[in-house]
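Enquirer: Here is the input, now give the coordinates:
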Amino acid sequence: MNYLFITVLHNLKLENIHNKGIKIGDNVRISNGKAVLTETIRKKPLLFTMGEHSLMEFDDNTTYLYIQGMFNEVNTADEFIDINKNGIIVFKMLREVQSFMHKFWFVKDNSVYIRDGFLLIYDRKTNNNYINGRSFKGSLSEVLSKSNGNIEPVSFSADEIRQVYTDFSEDLNFSDIYWTTIDEKDEKTIGGKLPMPDIFLKEKDSNRVTRAEYFTIAARGSSIIPTKLLNYISAFECLFTTTTNELAHQISERVAILLGANIKERLQYYTDIKAAYNYRSKIVHGDSIKNYYKNIDSIEAICQKVDFVLRTALSKHTAIFTQKDEEIENYFRSKLFRD
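Expert: Residues are numbered from 1 along each chain as shown. This next block holds a predicted model:
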């Protein structure tokens, strides 16, 4: 059986029109053109099964991702339905695309997210126009925002998109065989629909970087600045702490050492991260923030700064955070007392 999967990339704006789409790997494209939509969602069966509100999201300004391929081990729609119990394959596709979209943050701050995914299966031998195909749908609830809390379009060039895929291709799997290879974890989580605690478990090889990325995504998943700061600082703790003593000082000092090019920059990093940590402490311990709206500009600026620091640390300095506690301590100590 042949298949087509398509989903809107909310708030992703392309610099130019790409009708067929920007090619990502072998079978994945990102497009903002009308051609693919005209041949797929604006014809049977998707035209009648997607629903009016879903169709409205694919307007003339929509950027979308689509995957085309073949389920080689599936010969009929009934066979696919048997494998796709509870929508497991659709959710695998959604989660893989979602993971890809998360990687765009490493290029720049953004609020790109996906919600509904539509899968069409058909037999190209007897039908090249999808008309007798079968359609399936899955939905995610995550809505991401920028570090200042705004949810708005952000432009990406074709080169930036290709670079994201190149940098993280080893972490992604868009192969035809992957979708229909259902393992125990897929069955337990319904293809990733249900979250698992593995990222925090030592026996599942939990590590600093993956935990920090988890909290970064959690921060981006809230448009409320205090909640963002709470999760951003948790990400900092995952990366920078090696003891439970003087955490605010420990994180602020190490960020300053890592990123500050001179005394002035190091002092500014230290001050900003310390301020963010103080806000976070109030939230965690149930306190209120005084004069929030009076100081909103400075609070948003701090939130944007910590987002930038995390992006820099996770994209350029991950080698440091894969080391053992003692090695990390020695690294920062040597930087602190350098000539």
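
Enquirer: which of the residues in the helix or strand of the chain with the lowest mean pLDDT are buried?
Expert: Ranked by mean pLDDT, DSSP states H and E, the weakest helix or strand in the chain is helix 46-49, scoring a mean of 84. Using 16 or more other C-beta atoms under 10 Å as the test for burial, helix 46-49 gives 46, 49. In this view, the C-beta of every residue, glycine as well, is placed from N, C-alpha and C.

Enquirer: and that helix, how far from the chain's centre?
Expert: Here helix 46-49 shows a centroid-to-chain-centroid distance of 28 Å under the convention C-alpha atoms, centre = their mean, to the nearest Å.

Enquirer: now swap in stretch 109-126 and tell me
Expert: The chain centre lies 17 Å from the centre of stretch 109-126; the measure is C-alpha atoms, centre = their mean.

Enquirer: Let me know the average pLDDT across it.
Expert: When pLDDT is averaged along stretch 109-126, the result is 91.

Enquirer: Quick check: buried residues in that stretch?
Expert: So for stretch 109-126, counting by 16+ other C-beta under 10 Å, buried means 109-122.

Enquirer: so what does the least confident helix or strand of the chain touch, helix or strand wise?
Expert: Packing contacts for helix 46-49, counted by 3 or more C-beta pairs under 8 Å, 6 or more residues apart in numbering; DSSP states H and E, involve strand 134-139.

Enquirer: I would like the residues contacting the strand it packs on, please.
Expert: 45-46, 49-50, 54, 77, 80-81, 84, 87, 89-91, 93-94, 115-122, 193 (C-beta atoms under 8 Å, 6 or more residues apart in numbering).

Enquirer: Okay, domains of the protein per the record?
Expert: Per automatic domain parsing, the structural domains of the chain span 2-195, 199-336.

Enquirer: Chain neighbours aside, what residue packs nearest to the spatially most central residue of the chain?
Expert: The residue lying closest to the centre of the chain (C-alpha atoms, centre = their mean) is His102, at 1.7 Å. Using C-beta to C-beta, 6 or more residues apart in numbering and skipping the chain neighbours, the partner closest in space to His102 is Ile217 (6.0 Å).

Enquirer: any idea which helix or strand comes after whatever helix or strand that neighbour lives in?
Expert: Per DSSP states H and E: Ile217 is located in helix 208-220. Note on helix 208-220: by DSSP H and E, the next helix or strand toward the C-terminus is helix 225-240.

Enquirer: who does that following helix touch, helix- and strand-wise?
Expert: Judged by 3+ C-beta pairs under 8 Å, 6+ apart, the packing partners of helix 225-240 are helix 208-220, helix 247-259, helix 263-284, helix 296-316.

Enquirer: What is the distance between it and the centre of its chain?
Expert: In terms of C-alpha atoms, centre = their mean, the centre of helix 225-240 is found 17 Å from the chain centre.

Enquirer: Alpha carbons of the least confident helix or strand of the chain, as PDB, please.
Expert: Presented in PDB, the C-alpha positions along helix 46-49 are these (Å, rounded to 0.1, in the frame of the first residue of the first chain):
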ATOM      1  CA  LEU A  46      -9.600  13.700   2.400                       C
ATOM      2  CA  LEU A  47     -12.000  16.400   1.200                       C
ATOM      3  CA  PHE A  48     -14.900  14.600   3.000                       C
ATOM      4  CA  THR A  49     -13.100  13.000   5.900                       C
END
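
Enquirer: Pull the residues that contact that helix.
Expert: Outside helix 46-49, the residues that touch it by C-beta under 8 Å, 6+ apart are 40-41, 55, 118, 120, 130, 135, 137.

Enquirer: So which of those sit within helices?
Expert: Leu55 (DSSP state H).

Enquirer: I'd guessed Arg83 sits against Val74; true?
Expert: Arg isn't right for residue 83; it's Ile. Yes - using C-beta atoms under 8 Å, Ile83 is in contact with Val74, at 6.8 Å.

Enquirer: What residues of stretch 89-99 count as buried?
Expert: Neighbour-count burial for stretch 89-99, with 16+ other C-beta under 10 Å as criterion, is recorded at 89-98.

Enquirer: and it, what's its mean pLDDT?
Expert: Summarised as a single mean, pLDDT over stretch 89-99 is 96.

Enquirer: what residues does it touch?
Expert: 5, 7, 65, 67, 80, 83-84, 113-114, 117, 119, 136-140, 142, 171-174, 178-180, 182, 186, 190-193.

Enquirer: Let's see that with 7 Å instead.
Expert: Residues outside stretch 89-99 that contact it (C-beta atoms under 7 Å, 6 or more residues apart in numbering) are 5, 7, 65, 67, 83-84, 114, 117, 119, 136-138, 140, 172-174, 179-180, 186, 190-193.

Enquirer: swap in stretch 302-311?
Expert: Contact with stretch 302-311 is made by 105-106, 109, 147-148, 216, 225, 228-229, 232, 235, 255, 259, 272-273, 275-276, as judged by C-beta under 7 Å, 6+ apart.
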